[in-house]
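>>> whatever this is, show me its structure:
(chains A and B)
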Amino acid sequence: MGVVLLVGTRKGLFLVHGDDSRSSWTVDEPLLTGWEVFHTIRDPRDGALYAAANNFVYGATVLRSDDLGQTWERAEGLGLPEESELKLEKAWHVEPGSNGELYLGAAPGVLFHSDDRGTTWTVNQGLLEHPTRERWQPGAGGMCCHSIQLDPSDPQRMYVGISAAGVFRTEDGGESWTPLNKDVAADFMPEKYPEVGQCVHKLLLHPARPERLWQQNHCGVYRSDDRGENWERLDGNGLPSGFGFGLALDPDDPDTAFVVPEEADENRVTAGGRLGVYRTRDAGASWELLTDGLPDQAWTGVLREGMSFDADSVYFGTQGGSVFAIADGDRWVEAASYLPPILSVEAAEWSR
Amino acid sequence: MVQVVLPGILAAQAGGRKRFELDAATVEDALRALPVADLLFDERGQLRPLVNVYVDGRDMREDGSLGMALAGASEVRVVGAVAGG
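Residues are numbered from 1 along each chain as shown, chains lettered A, B, ... in the order given. Take a look at the predicted model:
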């Protein structure tokens, strides 16, 4: 089946259509022009598009489209309660929940849920009032809740990743949240291994082995095989750097993961002056560099929402406006180029 | 009646409509009557700081801000702050 990539950029949303082989691509005219589109999904339950969008004048919002982006309905009254003394800063990530719910991750380190297809949103009090919140700090992108992972084996269990607060898990449907940052480094803090304050850049759960989590962190690449209780650092096994943002998995193989290392937090460009994706097929014990079809010289970056995957391929978009996909074997094909700086890539399937 | 004129990004969020004819006593009344009021005001009801409003070419901040009376005015123009990039 073909694929549509939902490519959010600093200047609108682009739908990039790929064929069955992932070798032939077309780009539609932009949608939501004027908005920075931090993340977009197509809800597999009803086909609706949801976009987390931000504008430096007009604020943060979530929009729903039931006609593949031709018209959009904006969320009503999205914001934080006055007693929190916080204001909504940015909308970051939309995730389908169970029983028709939707989740929205946002800054400053907050999670919302919606029971009415994104029209109204309720903030999660457990995270909003988390006893460790005063120790959370914003990263360069703000204090963003960017990763929301639901456990398919237990609807009461889910995970969030917040930068720079760390990974948190709930076992009671969001009532309470436990920090899960043991042995995850926070090299920028006086205490290198605090309870909270880690700068997780992206968190993913393997859908076929939900006790296994992967995270690309500010300070390393990690894997957990026990629902986040313990983490093993993996970037010393052949990655040029532990710093990066994008992360992708193979839904058919829990031992496979993809990352795009950057030089360092003080020099956020692709490592070694080239665009390369590193893949592990042995759960992070070793990494191999995939470059076939990618430029030899590049000083660009792949942001935290800039990488996606499905059963057939891996996709990523760069801050230079290029989108790449694995077409066959280990060969990358440039699916789109000269787009505005890319903030997010999400794979969705549908027939035109 | 006063005519409120929206920039393109807000008009797109108002069903494609750029101009609204309204009965409003003040600038605030006019802005809150718009279908994009949530994009002009934050969750505390405060005007977002980078939203500029001109009444017949005069910056509302020079004459009462949101409380500026619209008696005799013909046009309220909403303009987002200008920035590069």
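
>>> in contact with residue 36, which residues?
In the absence of a named chain, chain A is used. Neighbour list for residue A:36: A:8, A:9, A:10, A:11, A:53, A:54, A:55, A:56, A:343 [criterion: Cβ atoms under 8 Å, 6 or more residues apart in numbering or on different chains]. For glycine as for every other residue, the C-beta is placed from the backbone atoms N, C-alpha and C.

>>> wait, chain B
By Cβ under 8 Å, 6+ apart, the neighbours of residue B:36 are A:58, B:6, B:10, B:13, B:14.

>>> switch the cut-off to 10 Å
Listed by Cβ atoms under 10 Å, 6 or more residues apart in numbering or on different chains, the contact set of residue B:36 reads A:58, A:74, B:6, B:9-15, B:17, B:20, B:78.

>>> what do you get for residue A:333?
A:18, A:21-25, A:293, A:313, A:323-327.

>>> with residue A:236 instead?
Counting by Cβ under 10 Å, 6+ apart, the residues that residue A:236 touches are A:220, A:221, A:242, A:284.

>>> pLDDT (mean, whole number) over the top strand by length along chain A?
As assigned by DSSP state E, the longest strand anywhere in chain A is strand A:253-264. Mean pLDDT, strand A:253-264: 97.

>>> remind me which residues of chain B are low pLDDT?
Residue ranges of chain B with pLDDT under 70: B:83-85.

>>> quick check: residue A:26 touching residue A:323?
No - using Cβ atoms under 10 Å, residue A:26 is not in contact with residue A:323; the gap is 11.8 Å.

>>> could you single out the nearest of the contacts of residue A:333 to residue A:169?
Of all the contacts of residue A:333, residue A:169 sits closest to residue A:313, with 29.7 Å by Cβ to Cβ.

>>> distance of the closest one relative to residue A:298?
To residue A:298, residue A:313 is 20 Å away according to Cβ to Cβ, to the nearest Å.

>>> swap in residue A:11?
From residue A:11 over to residue A:298 (counting by Cβ to Cβ), the distance is 21 Å.

>>> list the contacts of whatever residue of chain B ends up closest to chain A.
Nearest residue of chain B to chain A, counting by Cβ to the nearest Cβ: residue B:43, 2.4 Å away. Residue B:43 sits next to A:59, A:77, A:78, A:79, A:80, A:81, A:82, A:86, A:87, A:88 when contact means Cβ under 10 Å, 6+ apart.

>>> buried subset of the residues you listed?
For these, a burial check counting by 16 or more other Cβ atoms under 10 Å in any protein chain shown picks out A:59, A:78, A:79, A:80, A:86, A:87, A:88.

>>> can you narrow those residues down to the ones near chain B?
For chain B, the contacts drawn from the buried ones among the contacts of residue B:43 by Cβ under 10 Å from any Cβ of the partner chain are A:59, A:78, A:79, A:80, A:86, A:87, A:88.

>>> up against chain B, what does chain A have?
A:10-11, A:32-35, A:55-61, A:63, A:71-82, A:86-88, A:341.

>>> now the residue positioned nearest the centre of chain A. Nearest residue, chain neighbours left out?
The structure's chain A has its C-alpha centroid closest to residue A:305; by Cα atoms, centre = their mean the separation is 3.7 Å. Excluding the flanking residues, the one nearest residue A:305 by Cβ to Cβ, 6 or more residues apart in numbering or on different chains is residue A:344, at 3.6 Å.

>>> show me the contacts of residue A:333 that map onto helices.
The helices, defined by DSSP state H, take in nothing from these.

>>> can you pick the most crowded of these?
Among the contacts of residue A:333, residue A:325 has the most neighbours (other Cβ atoms under 10 Å in any protein chain shown), with 29 neighbours.

>>> you'd agree that one is up against residue A:294?
No - in this structure residue A:325 lies outside contact range of residue A:294 using Cβ under 10 Å: 11.4 Å.

>>> how about the one residue in the stretch 1-150 of chain A that gets nearest to chain B: what's its closest non-neighbour residue?
As assessed by Cβ to the nearest Cβ, chain B sits closest to residue A:79 within the stretch 1-150 of chain A, at 2.4 Å. Nearest residue to residue A:79, sequence neighbours excluded (Cβ to Cβ, 6+ apart): residue B:43, at 2.4 Å.

>>> check the gap between the nearest residue to residue A:121 once chain neighbours are set aside and residue A:92 for me.
Nearest residue to residue A:121 in three dimensions, chain neighbours excluded: residue A:112, at 3.9 Å (Cβ to Cβ, 6+ apart). Look at residue A:112 and residue A:92: by Cβ to Cβ, they are 11 Å apart.

>>> which residues are in contact with each of those two?
A:104, A:105, A:106, A:145.
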